[in-house]
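# next come a sequence and a model predicted from it.
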Amino acid sequence: MSLSTHVLDATTGQPAEGVAVSLDEQVDGEWRTVARGRTNADGRISALGDPEAGTHRLHFDTGSYFAAAGVPAFYPEVTVTFTVVDAAAHHHVPLLLSPFAFSTYRGS
């Protein structure tokens, strides 16, 4: 499986460049970080590890992103937990971000 993400800043209508993202996997009830990355100029990380079937989470450091822009934000971090059933499939997890809201979905 391959995993990618894309972060868009809804307040500017632009990609969110420089957002730190980590990928964690859950093993025997414990979380461990298996990959880290930072969004590029297009707000993307095209390959963030190859998780196997199971429960995973992406952790987005949104507080540092908004602080660097001088924008106060309510959510200092966003964590998206998801389950991989088909380890051979590509998974894309986009994040639409603003200082006071966020949304996500399973992309393609």
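Now that the structure is in, tell me what you want to look at.
# where do the strands sit along this structure?
Using DSSP state E, the strands found in the chain span residues 2-9, 14-15, 20-27, 30-38, 44-45, 54-60, 78-84, 90-98, 101-104.
# TSV for those strands, including distance to residue 71?
(C-beta placed from N, C-alpha, C; glycine too.) Formatted as TSV, the strands of the chain follow (distance: least, CB to CB, whole Å):
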stretch	distance to residue 71
strand 2-9	9
strand 14-15	13
strand 20-27	16
strand 30-38	18
strand 44-45	21
strand 54-60	15
strand 78-84	15
strand 90-98	9
strand 101-104	13
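# want to throw those into TSV with distance to residue 66, mean pLDDT and mean neighbour count?
Putting those into TSV (distance: least, CB to CB, whole Å; pLDDT from 0 to 100; neighbours: other CB atoms under 10 Å) gives the following:
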stretch	distance to residue 66	mean pLDDT	mean neighbour count
strand 2-9	9	96	20
strand 14-15	13	98	14
strand 20-27	12	96	17
strand 30-38	15	96	13
strand 44-45	18	98	22
strand 54-60	11	97	19
strand 78-84	11	96	14
strand 90-98	9	96	19
strand 101-104	11	97	14
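# between these, which one is closest to residue 69.
Comparing those by their distance to residue 69 (CB to CB), the top pick is strand 2-9, with 8.5 Å.
# list the buried residues for stretch 11-20?
11, 15, 16, 17, 18, 19 (16 or more other CB atoms under 10 Å).
# that should have said stretch 65-82, apologies.
Of all the residues in stretch 65-82, those buried under the rule 16+ other CB under 10 Å are 65, 66, 73, 75, 78, 80.
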